[in-house]
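Trainee: got a predicted model here, sequence first, then my questions.
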Amino acid sequence: MRGKVQKVEDGEGEKEVKNEQDIKRLRALDVFSGCGGLSEGLHQAGLTETCWAVEMWEPAAQAFRLNNSGSTVFTEDCNLLLKLVMAGEKTNSLGQLLPAKGDVEVLCGGPPCQGFSGMNRFNSRTYSQFKNSLVVSLLSYCDYYRPRFFLLENVRNFVSFKRSAVLRLTLRSLVRMGYQCTFAVLQYDAQTRRRAIILGAAPGEILPRYPEPRHVFSPRACQLTVAVGELRFCNNITRLTSAPLRTVTVHDALGDLPEIRNGANELEIPYEAESSSWFQREMRGDQNQPILRDHVCKVCAKRLFTTHFYSLHVLTFAPMLVLPLFINYYFFKMS
């Protein structure tokens, strides 16, 4: 991508600084991509261009295609796809071109977390054990493609599950492949949401450091150290009690969404007012979209609490997306 070059003075004269658009984006493969939240974050940061994605669930794969028209999305079992690649096949059964060795510069993925989640009371059953094994699938992709950088995202309990056995095996596998690696529990989102992040860098690359938080969280929410065996690990983050920006409240996240009533079925709803906070402007995106899309959802299961935080009506699809930080102009395949 091409961008502008700015000239700045640094005390030794004038020097040129490239716009971030000049930085070459790395070609990424997103395994277990879902509708593309992880890919979108890396793209917004100016780091990657997601050229390939693997997602078995068709509605999520369709949503990924809607928002990443230049990407090849494989809607099939990731293990079967890797088997094709390792057998030397150039295309899959649909004629889609498979990424070759050397094509993938960044491998990222969030393997299904049901087996690790503390909310799952049956995480030792066969189904959960199968879900856990998909971590090995992601590592197999890494072993074959040997990307420059590797990123795994999962629930916080990933680092402590089975006395950290899964974490240890994951790190050990990456080290045996020759990767530098690190892990941490990070805090993000408009609500408290701790996530386990593993980063890997190939030999000769610089292992990235974890970014400092931009927003303040409560001290309790910032307890991010991890005990593994008799050792306790912490990340490189130094901002534990302060940050440049204030806490993002639920009202910041949802307060500008149009008011609706039960039974509303409009596919596109105009915002009723200008955004009133930085977060709301950020969620509307660079285009500052005046229209809210995908605000309609199916009736949820009876046990799911769906009441809106501010008024007594059913919580619709858009608030459910804003809380995990999906931009309001992101398109979804409704089913």
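Mentor: Arrived safely, thanks for sending. Numbers count the residues shown, from 1 in each chain.
Trainee: my read: Glu49 touches Leu42, true?
Mentor: No. Using C-beta atoms under 8 Å, Glu49 makes no contact with Leu42, being 9.2 Å away. (Each C-beta comes from the backbone N, C-alpha and C, glycine too.)
Trainee: identify the contacts common to these two.
Mentor: Residues touching both Glu49 and Leu42 (C-beta atoms under 8 Å, 6 or more residues apart in numbering) are Ala28.
Trainee: can you give me the helices in the stretch 151-300 of the chain?
Mentor: In the stretch 151-300 of the chain, the helices defined using DSSP state H, counting those that start in this stretch lie at 165-176, 250-254, 278-284.
Trainee: could I get those helices in TSV, plus columns for distance to Pro219 and mean neighbour count?
Mentor: Shown next, in TSV, are these (distance: least, C-beta to C-beta, whole Å; neighbours: other C-beta atoms under 10 Å):
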stretch	distance to Pro219	mean neighbour count
helix 165-176	25	16
helix 250-254	19	18
helix 278-284	21	19
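Trainee: what about those helices, which gets the closest to Val106?
Mentor: Minimum separation from Val106 across those (C-beta to C-beta) falls at helix 165-176, 14.5 Å.
Trainee: where does the protein dip in pLDDT?
Mentor: In the predicted model of the chain, residues 1-22, 113-132, 189-191, 262, 286-288, 294-335 satisfy pLDDT under 70.
Trainee: change it to 80
Mentor: 1-22, 113-133, 188-192, 218-224, 240-241, 250, 253, 259-267, 283-290, 293-335 (pLDDT under 80).
Trainee: what are the ranges of the strands in the chain?
Mentor: Ranges of strands within the chain are 5-9, 14-18, 26-31, 48-54, 72-74, 106-109, 149-155, 180-187, 194-201, 226-228, 231-233, 268-270, 291-293, based on DSSP state E.
Trainee: what residues of the third one count as buried?
Mentor: Spelled out, that is strand 26-31. Buried residues in strand 26-31, defined by neighbour count with 16 or more other C-beta atoms under 10 Å: Leu26, Arg27, Ala28, Leu29, Asp30, Val31.
Trainee: what two of these are the furthest from one another?
Mentor: Farthest pair in those (C-beta to C-beta) is Leu26 and Val31. Separation: 15.6 Å.
Trainee: which residues in the stretch 1-150 of the chain form helices?
Mentor: In the stretch 1-150 of the chain, the helices defined using DSSP H, counting those that start in this stretch lie at 37-44, 58-67, 78-86, 126-145.
Trainee: switch these over to a markdown table; also include distance to Arg281.
Mentor: Output for the helices of the stretch 1-150 of the chain, formatted as a markdown table (distance: least, C-beta to C-beta, whole Å):
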| stretch | distance to Arg281 |
| --- | --- |
| helix 37-44 | 14 |
| helix 58-67 | 20 |
| helix 78-86 | 37 |
| helix 126-145 | 35 |
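Trainee: would you turn these into JSON lines with mean neighbour count and distance to Ala196?
Mentor: Below are these laid out as JSON lines (neighbours: other C-beta atoms under 10 Å; distance: least, C-beta to C-beta, whole Å):
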{"stretch": "helix 37-44", "mean neighbour count": "19", "distance to Ala196": "13"}
{"stretch": "helix 58-67", "mean neighbour count": "19", "distance to Ala196": "21"}
{"stretch": "helix 78-86", "mean neighbour count": "16", "distance to Ala196": "20"}
{"stretch": "helix 126-145", "mean neighbour count": "17", "distance to Ala196": "11"}
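Trainee: all good on my end, thank you.
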